[in-house]
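[1] Fold the following and give me the result.
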Amino acid sequence: MARQDRAIRTRQTILTAAAKVFEERGYQAATITEILTTAGMTKGALYFHFPSKEDLALGVLSEQDQRLTVPARACKIQETVDVITLHAHRLQTNPMVRAGVRLSLDQQAHGLDRTGPFLNWSRVIVGLLEKAREQGELLPHVKPVETADVIVGSFAGIQAMSQALTGYRDLNSRVSAWLRHLLPNIALSSVLTSVDLTTQRGGAVIAEIEHDTEDTPRPATDP
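    Numbering: from 1, shown residues only. As a prediction, the model looks like this:
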């Protein structure tokens, strides 16, 4: 068990270092040597977990995609908003998420499969929109698959603009403004009257998740 725990810590240390370098340099300019120096690891330790730079990048992409689960909401449009604003909040606070997004949008990352995050995001949004449609929350013309692609693509542009202009400092206000413009074309006005689109929503969601996690009983262990 101690050896397994050590391997998990080593892997996480390497991923954290890789995320830092990928975020700063991009995929093409990042080197294994710089990642090793940042991690304080040997080549053997790194290659045991990640045989190549591509594997490291895929590891970061996968790690940032392990999104915290938003609590289920009675209103699925609110749940959709919460998924989006939580991700925006994590972009501002989590280097692994920022590195994953940098890699996802890095058009110079030749040979790297960057489709995973986009496909996963679309799948999540499609599922929420389909439930919203079943509950009568959507306008008649809305097609969940088509609308999910619009949401995922436009969010990518919003966050990229925020990163370029302010280093994500204004991301919450940009996301709030974007949702206020977008959602009236997706959801019934009667639904939107009760949906929280404020700039503080992402922080409130993560505080709720952390509170629920603290309150979850831990399994008993043998003495």
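[2] quick one: the helices in this protein?
    2-25, 32-39, 43-49, 53-64, 76-93, 95-104, 115-134, 144-166, 171-182, 189-192, 201-215 (DSSP state H).
[3] I'd like the distance from the spatially closest residue to Asp170 that is not a sequence neighbour to Phe155, if you could.
    Counting by C-beta to C-beta, 6 or more residues apart in numbering, the nearest residue to Asp170 once its immediate chain neighbours are dropped is Ser162, at 5.6 Å. C-beta here means a position set from N, CA and C on the backbone, and glycine is covered the same way. Counting by C-beta to C-beta, to the nearest Å, the separation of Ser162 from Phe155 is 11 Å.
[4] Could you tell me how far Phe48 is located from Arg6?
    Note on Phe48: its distance to Arg6, by C-beta to C-beta, is 12 Å.
[5] So which of these two has more stuff around it?
    Legend: neighbour count by other C-beta atoms under 10 Å for Phe48 and Arg6, higher for Phe48 (14 against 10).
[6] Burial check on Ala132, number of neighbours?
    24.
[7] tell me the contacts of it?
    Residues near Ala132 by C-beta atoms under 8 Å, 6 or more residues apart in numbering: Lys76, Ile77, Thr80, Leu138, Ala187.
[8] Serialize these to a markdown table and add fields for distance to Ile125 and neighbour count.
    Converted to a markdown table, these look like this (distance: C-beta to C-beta, whole Å; neighbours: other C-beta atoms under 10 Å):
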| residue | distance to Ile125 | neighbour count |
| --- | --- | --- |
| Lys76 | 11 | 22 |
| Ile77 | 11 | 24 |
| Thr80 | 6 | 28 |
| Leu138 | 12 | 22 |
| Ala187 | 13 | 23 |
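[9] just those now: which is nearest Ala57?
    Nearest to Ala57 out of the contacts of Ala132 is Thr80 (C-beta to C-beta; 28.6 Å).
[10] Now do the same contact list for Ile14.
    Per C-beta under 8 Å, 6+ apart, neighbours of Ile14: Ile35, Ala39, Met41, Ala45, Leu46, His49, Phe50, Leu56.
[11] what two of the residues you listed are the furthest from one another?
    Ala45 and Leu56 (12.6 Å).
[12] of these two, who's got more company?
    Each of Ala45 and Leu56 has its neighbours counted (other C-beta under 10 Å); Leu56 has more, 24 against 17.
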